[in-house]
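Trainee: here is the input, now give the coordinates:
(one chain, ligands or ions: 1)
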Amino acid sequence: MTSGKRSRFLAWPLACGIALGLTGCGGPVEDTRPGQPVKTRQEAFKAMLRSFEPMGVMLRTDTYDAEKFARHAAELMQWRDTPWPLFGPDTHYPPSKAKATVWSQTEAFERERQAFVAALDELAAAVQRGEREAVRKAYFRVYDLCESCHKDFKER
Ligand code: HEC
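Mentor: Residues are numbered from 1 along each chain as shown. The predicted structure is shown next:
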């Protein structure tokens, strides 16, 4: 138990060095709550980013591959509903990067969430139809919604 803790602690600077510049490095704060709501919702967001980013690269660098794009979109959709129920009352504690506004402006947060879900559905539909211009539009609409929600509800 103790030695496990220590080795995890020692391993941190290494993991941190690798992660630096990508996610920043907040320190070895662990989510020790039952069910780990903060960690679990963060993992869900990270998983979204892992699918979402390569899609953007394809669109920005003109390397669009419909099949690959559709695969990433399907992965992204799998995470669509995961984070939200994990923002329960009393889940604003380290290592959360959420702003207190998530809990003080619940209606605005819910509006952002709904707009995001709708935009993702639109993206999935465009991918399904195979309409590249519609895909591009829908992708950047989703992108804007990631940004706008983070601006109001997530610490930088
Ligand atoms: C409706 C609001 C909302 C939307 C939409 C949203 N996010 Fe977030 N995101 C948050 C909040 C709040 C957090 C902070 C969670 C925490 O740490 O408790 C967060 C955290 C993150 C993190 C950080 C995870 C970590 O621990 O480092 C990533 C990455 C992320 N979001 C990516 C995305 C991407 C990509 C999209 C769009 C595809 C997106 N988010 C859409 C609210 C949102």
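
Trainee: interface residues of the chain facing the ligand?
Mentor: 23, 38, 41-42, 45-46, 48-49, 52, 96-98, 102, 112-113, 116, 142, 145-146, 149-150, 153-154 (CB under 6 Å from any ligand atom). Any C-beta I mention is one placed from the backbone N, CA and C, and that applies to glycine too.

Trainee: same thing but at 5 Å, please
Mentor: 23, 42, 45, 48-49, 52, 96-98, 112-113, 116, 146, 149, 153-154 (CB under 5 Å from any ligand atom).

Trainee: in helices only, show me those.
Mentor: Judged by DSSP state H, the residues of the chain next to the ligand include 42, 45, 48-49, 52, 112-113, 116, 146, 149, 153 as members of helices.

Trainee: what sits against the residue nearest to the spatial centre of the chain?
Mentor: Relative to the mean C-alpha position of the chain, the nearest C-alpha, by CA atoms, centre = their mean, is the one of residue 45, at 2.2 Å. If you count contacts by CB atoms under 8 Å, 6 or more residues apart in numbering, residue 45 has them with 79, 83.

Trainee: and the pLDDT at it?
Mentor: For residue 45, the pLDDT comes out at 98.

Trainee: mind putting the ones in helices among the residues of the chain next to the ligand in TSV, distance to residue 61 included?
Mentor: Shown next, in TSV, are those (distance: CB to CB, whole Å):
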residue	distance to residue 61
42	28
45	24
48	21
49	18
52	15
112	29
113	30
116	25
146	19
149	26
153	30
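
Trainee: now the helices: where do they sit in this structure?
Mentor: Secondary structure of the chain (DSSP H): helices at 2-19, 37-60, 66-78, 101-104, 106-129, 132-153.

Trainee: of these, which is nearest residue 89?
Mentor: Closest approach to residue 89 among the helices of the chain is made by helix 101-104 (6.9 Å; CB to CB).

Trainee: and the closest one, how far out from the chain's middle?
Mentor: Remark: helix 101-104 is offset 18 Å from the chain centroid, using CA atoms, centre = their mean, to the nearest Å.

Trainee: show me what that helix is packed against.
Mentor: Packing contacts for helix 101-104, counted by 3 or more CB pairs under 8 Å, 6 or more residues apart in numbering; DSSP states H and E, involve helix 106-129, helix 132-153.

Trainee: can you add mean pLDDT and give those helices back as CSV?
Mentor: Output for those, formatted as CSV (pLDDT from 0 to 100):
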stretch, mean pLDDT
helix 106-129, 98
helix 132-153, 98
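
Trainee: great, nothing more from me.
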